[in-house]
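A.B. asks: Predicted coordinates and the sequence they were generated for:
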Amino acid sequence: MEQEGRPEPPHEAKDVTEHVGYRLKRAAAALRGAMDQALREHGLTVPQYSCLELLDEQPGISGSDLARGTFVTRQSSAVVLRGLQQAGLVTRPTTAEHGRVLPVHLTDQGLARLRAARTAVYEVERQMIAAVPAARLAALLTDLDTMTSALGEA
């Protein structure tokens, strides 16, 4: 029954800490903290690592595509890219050959740093998913994708 001025919650919960959104945010925060700690040893931040991963999978993608793929604004992505460039981990031409797109590429040093950091990040993920019974992992991943799609995200 709805209390005056208070909408009916989406599911039974004694308080906000039992809501799905809260728990997802809490899990994301725990993952981010563990990744921050693991990546610190490699001189990288989570956004920098994410950029390196995307560049390894899609060499030459634009800064805009990197921003979308790493869930940050174009301005934040530009700052991350500048730092990676100054560290010698990525290259980007100063002028565009076609249109306005400045393709970004990993350097050999960037690829080596990514490979070392990837090992640490994968260990964090192994630790996280070890808490979920193996038989339920596929269903969990499907459920997360389904919830994302329900909110209109691809």
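C.D. replies: Good, I have the coordinates.

A.B. asks: Leu81 and Ala27, how far apart?
C.D. replies: Leu81 sits 28 Å away from Ala27, taking Cβ to Cβ, to the nearest Å as the criterion. Any C-beta I mention is one placed from the backbone N, CA and C, and that applies to glycine too.

A.B. asks: now the helices for this structure?
C.D. replies: Assigned by DSSP state H, the helices in the chain fall at 20-40, 46-57, 63-70, 74-86, 108-129, 134-150.

A.B. asks: Double-check Leu84 against Gly110; I have them as touching.
C.D. replies: Yes: between Leu84 and Gly110 there is a contact under Cβ atoms under 8 Å: 7.0 Å.

A.B. asks: which neighbours do the two share?
C.D. replies: 52, 90 (Cβ atoms under 8 Å, 6 or more residues apart in numbering).

A.B. asks: just to revisit the earlier point, okay, Leu81 and Ala27: which has more neighbours?
C.D. replies: The neighbour comparison of Leu81 against Ala27 (other Cβ atoms under 10 Å) goes to Leu81, with 22 against 11.

A.B. asks: and the nearest residue to the more buried one once chain neighbours are set aside, how far is that from Pro93?
C.D. replies: Leaving aside its sequence neighbours, Leu81 sits nearest to Gly63 (Cβ to Cβ, 6 or more residues apart in numbering; 5.9 Å). According to Cβ to Cβ, Gly63 stands 12 Å off from Pro93.

A.B. asks: could you list every residue that touches the residue positioned nearest the centre of the chain?
C.D. replies: In the chain, the residue lying closest to the centroid (Cα atoms, centre = their mean) is Thr70, at 5.3 Å. For Thr70, the contacting residues are 47, 50-51, 54, 77, 80, by Cβ under 8 Å, 6+ apart.

A.B. asks: how many other residues sit next to Met35?
C.D. replies: By other Cβ under 10 Å, neighbour count at Met35 equals 21.

A.B. asks: Same check on the one 4 residues further on?
C.D. replies: As a burial measure, Leu39 scores 19 neighbours (other Cβ under 10 Å).

A.B. asks: What of Ser62?
C.D. replies: A total of 19 residues lie near Ser62 under the criterion other Cβ under 10 Å.

A.B. asks: Hmm, it is touching Arg92, no?
C.D. replies: No: under the criterion of Cβ under 8 Å, Ser62 makes no contact with Arg92, lying 9.7 Å away.
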